[in-house]
Structures are given as C-alpha cells and as structure tokens.
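*Asks:* the following block contains a protein sequence and its predicted model.
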Amino acid sequence: MKAIARVVVPLLLVAFVFGAAYAQFAKPEEAIAYRKAVMTLIAQNIKWMGAVVQGKAAYNKDQFSADADAVEMLATLPWKAMTEPGSDKGDTTLSSAVFDKEEQFMEHATGFEAATAKLATAARGGDLNAVKAQFGQAVKFCKGCHSEFRKK
C-alpha cells in the first residue's frame with residue numbers, strides 16, 4: 001500500500017497541476033506556486049532514489065523504476081513557469097539570471113529531461129550499476145542549474 005501511495009499521490013498531484021501548464025499564468029505568483037509544486041515532487045522522488053543509490057535504502061527495481069518514471073514525466077513540466085515574466089520576484093529562489101541567460105537555462109532544462117529519460121530507461125532494465133551511473137548524470141543537471149539559476 002505504501003509503495004502504491006508513493007506513486008499514486010505524486011501522480012494525482014501532477015495531474016491536478018498539469019492543467020495549469022497549458023494555461024497562461026494570470027499572475028507571477030501562480031507560476032511560482034506551480035513550479036514549486038513540480039519541483040517538490042521531483043525533489044522527493046530524487047531523494048528516494050538517492051537513498052537507494054547511496055545504499056541507505058534497499059533496491060527494489062519496481063519501486064525505483066516507478067520513481068524514475070515519475071521524475072521523467074515531471075521533468076517536462078516546470079520550464080514555462082520558470083520563464084514567466086516577474087516570477088523571479090516574491091517567494092521564490094529563482095534567480096533573474098534565468099531571464100538574462102534563457103537559452104543557457106533551457107539547455108539545462110532539456111539536458112535534465114534527456115538525463116531523466118535515460119534514468120527511467122536504465123531503471124526499467126534493473127541493472128543497479130547502470131542506474132547509479134545515470135542517476136549521477138541526472139543529478140549533475142540539478143546541481144548545475146541550481147548553482148547558476150537559483151538565488152544564493
């Protein structure tokens with residue numbers, strides 16, 4: 001039951017927020033709330049997978065694969081909300097550098113999407129060493145983006 005909840009609850013939340021991705025954000029605060037929701041879900045799944053990769057949690061191929069699939073899907077969602085004008089102001093850690101270097105930012109975004117897709121593929125294969133290597137690649141994109149496009 002716990003494993004099902006780990007997959008179903010985040011996916012239900014995503015389904016709820018997913019509709020907002022296709023709508024214009026009426027206010028920058030809406031973009032901020034949307035991307036915070038998506039990034040919280042990504043972070044939680046990365047945390048669960050990270051515990052496995054670090055040997056702090058047991059490896060369960062099916063659960064790891066479900067977490068990786070969730071991150072793969074979630075990785076496509078936050079970018080519009082991060083480039084919404086004015087969404088670097090207020091209750092956010094988004095740096096205004098996103099607007100100054102939008103092309104570079106989007107390269108990080110597409111790299112993260114590609115890395116999470118490869119992670120999901122590796123996870124479905126079940127080879128823990130391949131999973132660990134690809135997890136490391138995905139996390140590099142997280143760190144790279146955070147170091148450049150997140151307020152210090």
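*Replies:* Perfect, I can see it now.
*Asks:* going forward, measure contacts and count neighbours with C-alpha atoms only.
*Replies:* Fine.
*Asks:* N60 and K152: what is the separation?
*Replies:* Plainly put, N60 is 36 Å away from K152 if you go by CA to CA, to the nearest Å.
*Asks:* which one's more surrounded, those two?
*Replies:* Neighbours per residue, other CA atoms under 10 Å: of N60 and K152, the larger number sits with N60, 12 against 9.
*Asks:* tell me the phi and psi of that one?
*Replies:* Main-chain dihedrals, N60, degrees, to the nearest 10: phi -120, psi 110.
*Asks:* what does E84 give?
*Replies:* E84 adopts backbone torsions of phi -70, psi 120, taken as degrees, to the nearest 10.
*Asks:* what count of nearby residues applies to it?
*Replies:* Neighbour number of E84 under other CA under 10 Å is 19.
*Asks:* shouldn't it be in contact with A26?
*Replies:* No. Contact between E84 and A26 fails when scored by CA atoms under 8 Å: they sit 10.1 Å apart.
*Asks:* so how far is R35 from the spatially most central residue of the chain?
*Replies:* Of all residues in the chain, the one closest to the mean position by CA atoms, centre = their mean is I42, 3.7 Å from it. Distance from I42 to R35, counting by CA to CA: 10 Å.
*Asks:* helices along the protein, start to end?
*Replies:* 2-21, 28-53, 61-74, 79-82, 97-100, 102-125, 128-149 (DSSP state H).
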